[in-house]
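S.K.: I'll drop the sequence and a predicted model, then ask my questions.
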Amino acid sequence: MVTCSSTTVKQYEDFDVTCSYTNTTSTKLTRSYFYLEGPGIRRSKKLYCGTVQPNSTIERTLTLSAYRVGERVLFVKFCNSKVPNAIEKVKIIVEEAEPTEVI
C-alpha cells in the first residue's frame with residue numbers, strides 16, 4: 001500500500017510518501033527494499049528494509065520533491081529475494097511554484 005501526504009504538491013517542495021508491505025507468506029523475505037520512481041520526480045529512491053518476517057508489515061516514509069508541473073504518477077515497487085515484486089502507483093498533481101518561491 002502506498003499513500004502520499006498530499007495529492008496536490010507544490011513544485012520543488014518536499015512531500016512525504018508512505019509505503020507499506022504486508023508479508024502474507026510463511027517465509028522470511030530477505031534483502032527487501034522499496035524502489036520509488038516517477039516522471040518529474042527528483043532522483044529515484046531505493047530504501048532498504050532488510051528482512052520482513054512472516055505475517056508482519058513493514059512501513060517506511062520517504063521525502064521526495066517534484067520539478068515538473070502537472071499530473072504525475074509515482075511507481076512504488078517492493079522487491080525482495082523470495083516472491084515476485086509488488087508494484088503500486090499513486091497519482092499526484094504538481095502545481096507550479098510562485099516565481100518568488102523558486103531559489
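M.R.: In hand now; what should we look at? Numbering: from 1, shown residues only.
S.K.: would you map the strands across this protein?
M.R.: Along the chain, counting by DSSP state E, strands occupy 2-4, 8-10, 14-22, 29-37, 45-52, 57-65, 70-79, 86-95.
S.K.: what would these look like in JSON lines with mean pLDDT and mean neighbour count?
M.R.: For the C-beta atoms, the positions are set from N, CA and C on the backbone; glycine is no exception. Output for the strands of the chain, formatted as JSON lines (pLDDT from 0 to 100; neighbours: other C-beta atoms under 10 Å):
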{"stretch": "strand 2-4", "mean pLDDT": "64", "mean neighbour count": "16"}
{"stretch": "strand 8-10", "mean pLDDT": "89", "mean neighbour count": "16"}
{"stretch": "strand 14-22", "mean pLDDT": "88", "mean neighbour count": "17"}
{"stretch": "strand 29-37", "mean pLDDT": "91", "mean neighbour count": "17"}
{"stretch": "strand 45-52", "mean pLDDT": "90", "mean neighbour count": "15"}
{"stretch": "strand 57-65", "mean pLDDT": "88", "mean neighbour count": "15"}
{"stretch": "strand 70-79", "mean pLDDT": "91", "mean neighbour count": "17"}
{"stretch": "strand 86-95", "mean pLDDT": "89", "mean neighbour count": "15"}
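S.K.: dihedrals phi and psi, Tyr12?
M.R.: Per-residue torsions, Tyr12: phi 70, psi 0 (degrees, to the nearest 10).
S.K.: hang on, isn't it packed against Val69?
M.R.: No: applying C-beta atoms under 8 Å, one finds Tyr12 not in contact with Val69, separated by 10.3 Å.
S.K.: how far does stretch 8-19 sit from its chain's centre?
M.R.: 10 Å (C-alpha atoms, centre = their mean, to the nearest Å).
S.K.: what's the span of that stretch from first residue to last?
M.R.: Start to finish, the residues bounding stretch 8-19 are 18 Å apart (C-alpha to C-alpha, to the nearest Å).
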